[in-house]
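> quick one, structure for this:
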Amino acid sequence: MVRPTHESLPSGLDHMVSGSMLPDLQVSFRLFAAHRRKVKAQWSFPEHRHALYELNLVLEGTQHMQVDRKDYQQKQGDLLWILPGSTHASLGAADGGTMEYVCVHMEVDDPWFRQQLNQMRKVLYPAGSPLERILRPILQDVANMAGDESAGELNQKLLTMHASFRLFAALCEVLLQEEQQSSSQPAASELAARIAASIEEAWMNDGSVRSDDRELFRIEQIAEQLGYSPTHCNRVFQKAYGISPRQYLSTIKLRKAKLLLMDPTQSVEQIAEQLGYKDLSQFSKQFKRWTGMSPTAYRHLSF
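Below is the predicted model of the structure:
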């Protein structure tokens, strides 16, 4: 059975009296390396950074964390919220005893949702704070799942998927609460949204994602159109979305590739051609860099 696309859906406008429509939603929300760990006082984890959102909840003891070179004493029940690109390290148990924590990494590809999440600049949320109260039950369940060695693989996958949807819903709830408290949007966030819209518009107008798109999507051109310097646009965009304009373009390409691969009427070769790649090999290599699997393997997961 061919899955209907947005373009193939009937309009339903004949003889309609009134109606309204919600915006289309295409969001990928993925959990990475969710784990529970109990460590001795001598344990530490080196400074690193990544493009993922990270939640770290101490279950027992006290953890000495550094985020962007600032020290945090994370006591039992305290939650750390680490934005993409932030350097962070654990210096282990702060009280010289054992310490246990649960950690979840999240990937979000929707630019608007990333922009909203990146407005949450606070790092440490003490036990009992609103965010900690909302997220703690979910993270506690993740910790329990990680410690349950008797659960089968299928059961763990379903439970992990359930936890990911709960996290997504909880973060949306937090953002809705903050939106109700403040309806104003900073000028920098508005500029970042305009840059994102310019990138998407250029991509849509081009009709394909060419392998030689470096000139088309030069941030210098977009900055000139918007009346700002390229340096300022790069800095504002990175702060708002946690990724560079170039990385944002990659998320657009990846999203389109995934949607096309879910259409069984098109061959992988046809999809590669639609996306502007010179050949199937070039598309396959790029898709594997993005996802860790080939386009064919991804398609098999979808059916």
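
> show me where the stretch 51-200 of the chain has helices.
Along the stretch 51-200 of the chain, counting by DSSP state H, counting those that start in this stretch, helices occupy 111-117, 130-146, 153-181, 187-206.

> residues making contact with the first one?
Residues lying outside helix 111-117 but in contact with it, judged by CB atoms under 8 Å, 6 or more residues apart in numbering, are 27, 53, 83, 108, 171, 175, 189, 192-193, 196, 240-243, 248, 251. Where C-beta positions appear, they are placed from N, C-alpha and C, glycine not excepted.

> can you say which of the helices of the stretch 51-200 of the chain is packed in most?
helix 111-117 (a mean of 20; mean count of other CB atoms under 10 Å).

> need the pLDDT of the closest residue to residue 62 other than its chain neighbours.
When the adjacent residues along the chain are set aside, residue 62 lies closest to residue 94, with 4.2 Å between them (CB to CB, 6 or more residues apart in numbering). Per-residue pLDDT puts residue 94 at 86.

> for residue 94, give its distance to residue 44.
Computed as CB to CB, to the nearest Å, the residue 94 to residue 44 distance reads 11 Å.

> tell me which of those two has more neighbours.
Legend: neighbour count by other CB atoms under 10 Å for residue 94 and residue 44, higher for residue 94 (19 against 13).

> surely that one touches residue 64?
Yes: counting by CB atoms under 8 Å, residue 64 is a contact partner of residue 94 at 4.1 Å.

> for these two, list the residues in contact with both.
Shared contacts of residue 94 and residue 64, counting by CB under 8 Å, 6+ apart, come down to 73, 74.

> same list, the helices of the stretch 51-200 of the chain, but as a markdown table with distance to residue 279 and mean pLDDT please.
As requested, the helices of the stretch 51-200 of the chain are exported to a markdown table (distance: least, CB to CB, whole Å; pLDDT from 0 to 100):
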| stretch | distance to residue 279 | mean pLDDT |
| --- | --- | --- |
| helix 111-117 | 29 | 80 |
| helix 130-146 | 42 | 90 |
| helix 153-181 | 35 | 83 |
| helix 187-206 | 19 | 78 |
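
> now the ones you listed as TSV including distance to residue 124?
Converted to TSV, these look like this (distance: least, CB to CB, whole Å):
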stretch	distance to residue 124
helix 111-117	17
helix 130-146	10
helix 153-181	16
helix 187-206	23
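
> what's the closest of those helices to residue 79?
Comparing these against residue 79 with CB to CB, the closest turns out to be helix 130-146 (4.5 Å).

> what sits up against that closest one?
Helix 130-146 is touched from outside by 34-36, 55, 57, 59, 77-79, 81, 102, 104, 125-127, 151, 156, 159-160, 163, 166-167, 170, 173-174, 177, with contacts defined as CB under 8 Å, 6+ apart.

> and stretch 283-300, by the same measure?
Defining contact as CB under 8 Å, 6+ apart, one finds that stretch 283-300 is touched by 250, 253-254, 257-258, 261-262, 264, 268, 271-272, 275, 277, 301.

> kindly recompute the last result at 7 Å.
250, 254, 257, 261, 268, 272, 275, 277 (CB atoms under 7 Å, 6 or more residues apart in numbering).

> right, and residue 280 touches residue 270 too?
No: the pair formed by residue 280 and residue 270 falls short of the contact definition of CB atoms under 7 Å, at 9.8 Å.

> which one's more surrounded, those two?
The residue with more neighbours, out of residue 280 and residue 270, is residue 280; 17 against 13, by other CB under 10 Å.

> list the contacts for the more buried one?
Residues near residue 280 by CB under 7 Å, 6+ apart: 268, 269, 272.

> picking that back up, and the two most separated of the contacts of stretch 283-300?
250 and 268 (19.0 Å).

> neighbour count winner among those two?
Remark: of residue 250 and residue 268, residue 268 carries more neighbours, 19 against 16, as counted by other CB under 10 Å.

> might you report the residue contacts of the more buried one?
280, 295, 296.

> pipe those into a markdown table and attach distance to residue 135 and secondary structure per row.
A markdown table is the format used below for these (distance: CB to CB, whole Å; DSSP: H, G, I helix; E, B strand; the rest coil):
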| residue | distance to residue 135 | secondary structure |
| --- | --- | --- |
| 280 | 43 | helix |
| 295 | 35 | helix |
| 296 | 37 | helix |
